[in-house]
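1. Okay, sequence plus prediction incoming.
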Amino acid sequence: MANLVALEMPIGVSLVDFIKTCADNHEAFTVLDPNLSPQRRSELLDTLRPTDLIDATGHRQKLEGDPVVDGDGAVVLTSGSAGRPKAAILTWDALQASATLTTQALARDGEQCWLAAIPPMHIGGLAVLLRSVLADASLLFDASIESAPALGATHVAVVRTQLHRYDTSHYQCVLLGGGPPPPSVPDNVTTTWGMTETGSGVLYDRQPLKGVELAVVNGELLIKSPTLFRAYRDRPRPEVSTPDSDGWFPTGDGATLIDGQLQVHGRLANVINSGGEKVWPEDLEELFRAIEGITDLAVVGRDDVEWGQRVTVVAVSDREASELLNRCRALARERFGPWAQPKAIELVSAIPRTSNGKIARGLL
């Protein structure tokens, strides 16, 4: 068995050095945000159950946690967009495979220097650091997204909000993840799909990385990959079989696969069943973002006696609700059909989101 060391420190050189030390000592690690509230910190420690904790000063203390299996490398929290986050265990072999495959796939001219612009508590930000720890990339800290290229940064990983807000045209490669991409992106942007359980992105521009296998069974995306997690902290990894082989991981995402091109629709658990028709909230959210006067939104299904669920828009806006609802209905009818039209709109002051920007649907 091996120790699980919680690294409670900000992103920076010290954090990377301690990750390297864990690798050298054959210990697993998890990254804990030093700015958590006491209650949230206690909740996450209960989920992660580390055996040791190292703080920003380098002080190490023993905790009453549980060790992990030899060979385990990192325990990473899922986004928790649908509720309590799960703690996924990734082996050092899986982390190495992810770092190697992604570094190779994102190679451009010369050496890679990544700006660390995403918090490392989740897999997207952690993967950037591991491309330095386990591959041959270098890292840049303490620079803004727009100033970093002048300081030598060639690569950056961002979420959609950052891509919208900042000029990223001077990077060789911008890796865009964390949710559905916009309809079009600049030439230097690579879109990615992945999840904590797949060890970061395994699809780039809708194509699988080397060694990654895809299948779609009953509308659900299945994955085989050398980057897959070993288990959750409190349960085994779920697996399903296809007629051809065993050991597939059911991602919980709905998808279609046509001529090798994968289209991911969103979480199956989020599908709205209204009058027998299935409505993907992510598709409507993408459509409604273009409506003038809506600053943020989510689409949800509310229980309905007649329809089973009614499509409902939850929006942040200073416009009249009836005006926005009519516009949403017209767009949905034109793009998808009458069955996709929202039946209600709710105006709120803010859309709850997770720490990495995803809609916290469990709070809506």
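-> Nice, I can see it.

2. Spell out the residue ranges of the strands in the stretch 1-150 of the chain.
-> 4-8, 28-32, 52-55, 60-62, 72-77, 87-91, 113-115, 138-140 (DSSP state E, counting those that start in this stretch).

3. Tell me which of those strands lies nearest to Val217.
-> Among the strands of the stretch 1-150 of the chain, strand 87-91 comes nearest to Val217, with 22.0 Å by Cβ to Cβ. For every residue, glycine as well, the C-beta is placed using N, CA and C.

4. could I get that closest one in PDB with only the CA atoms?
-> Backbone C-alpha positions of strand 87-91 (Å, rounded to 0.1, in the frame of the first residue of the first chain) are rendered in PDB as follows:
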ATOM      1  CA  ALA A  87     -12.700  10.900  -6.100                       C
ATOM      2  CA  ALA A  88     -11.100   9.100  -9.100                       C
ATOM      3  CA  ILE A  89      -7.900   7.200  -8.700                       C
ATOM      4  CA  LEU A  90      -5.400   7.400 -11.600                       C
ATOM      5  CA  THR A  91      -2.300   5.200 -11.600                       C
END
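
5. Tell me what angle it forms with strand 4-8.
-> 110 degrees (axes from the mean of the first three to the mean of the last three Cα atoms, to 10 degrees).

6. Could you tell me which strands strand 87-91 is paired with, and in which direction each runs?
-> The strands beside strand 87-91 in its sheet (DSSP bridges) come out as strand 72-77 (antiparallel), strand 231-232 (antiparallel).

7. Against Pro352, how distant is Leu4?
-> Between Leu4 and Pro352 the computed distance is 30 Å (Cβ to Cβ, to the nearest Å).

8. Name the secondary structure element that contains the residue in the chain sticking out farthest from the centre.
-> In terms of distance from the mean C-alpha position of the chain, Glu306 ranks first, at 35.2 Å (Cα atoms, centre = their mean). In this structure, Glu306 sits in neither a helix nor a strand according to DSSP states H and E.

9. Pairing partners for the closest residue to Trp339 other than its chain neighbours in the sheet, please.
-> With Cβ to Cβ, 6 or more residues apart in numbering as the criterion, Trp339 has its nearest non-adjacent residue at 4.0 Å, and that residue is Glu277. With DSSP bridges applied, the residues forming beta bridges to Glu277 are Ser274.

10. does Glu277 really touch Pro338, like I thought?
-> No: Glu277 lies out of contact with Pro338 (Cβ atoms under 8 Å); the separation is 9.4 Å.

11. Looking at these two, which is more packed in?
-> Glu277 (15 against 9; other Cβ atoms under 10 Å).

12. What score does the more buried one have for pLDDT?
-> In the prediction, the pLDDT value recorded for Glu277 is 83.

13. again, but for the one 3 residues further on
-> With respect to pLDDT, Trp280 scores 88.

14. That one: neighbour count?
-> There are 19 residues near Trp280, going by other Cβ under 10 Å.

15. and the gap between it and Ile258?
-> Trp280 is 17 Å from Ile258, by Cβ to Cβ.

16. coming back round to it: and among the strands paired with strand 87-91, the most buried is which?
-> strand 72-77 (a mean of 25; mean count of other Cβ atoms under 10 Å).

17. next one: that one to chain centre, how far?
-> Here strand 72-77 is found 15 Å from its chain centre; the criterion is Cα atoms, centre = their mean, to the nearest Å.

18. For Arg233, give me the backbone phi and psi.
-> When read as degrees, to the nearest 10, the backbone of Arg233 gives phi -60, psi -30.

19. contacting residues around the nearest residue to it once chain neighbours are set aside?
-> Of all residues not flanking Arg233 in the chain, Ala87 sits nearest, at 3.7 Å (Cβ to Cβ, 6+ apart). By Cβ atoms under 8 Å, 6 or more residues apart in numbering, the contact list for Ala87 reads Thr30, Thr47, Leu48, Arg49, Val75, Val76, Leu77, Thr78, Tyr232, Arg233, Asp234.

20. now Arg233
-> Arg233 touches Thr47, Leu48, Arg49, Val75, Lys86, Ala87, Ala88, Ile89, counting by Cβ under 8 Å, 6+ apart.

21. Which residue, other than its chain neighbours, is closest to the fourth one?
-> Distances taken as Cβ to Cβ, 6+ apart place Thr30 nearest to Val75, at 4.3 Å, with adjacent residues excluded.

22. tell me the contacts of the one you found?
-> Leu4, Val5, Ala6, Leu7, Leu48, Pro50, Ala74, Val75, Val76, Leu77, Ala87 are the contacts of Thr30 under Cβ under 8 Å, 6+ apart.

23. quick one: which of those residues is nearest Leu15?
-> Set against Leu15, the nearest of the contacts of Thr30 by Cβ to Cβ is Leu7 (6.0 Å).

24. wait, that closest one sits on Leu32?
-> Yes: judged on Cβ under 8 Å, Leu7 makes contact with Leu32 at a distance of 6.6 Å.

25. Let me see the backbone angles for Asp187.
-> Here Asp187 shows phi and psi, under degrees, to the nearest 10, equal to phi -60, psi -30.

26. Check it and give its pLDDT.
-> Predicted confidence (pLDDT) for Asp187: 96.

27. Can you report how many residues neighbour the nearest residue to Gly276 once chain neighbours are set aside?
-> Of all residues not flanking Gly276 in the chain, Gly308 sits nearest, at 7.7 Å (Cβ to Cβ, 6+ apart). Other residues near Gly308 come to 14 when the count uses other Cβ under 10 Å.
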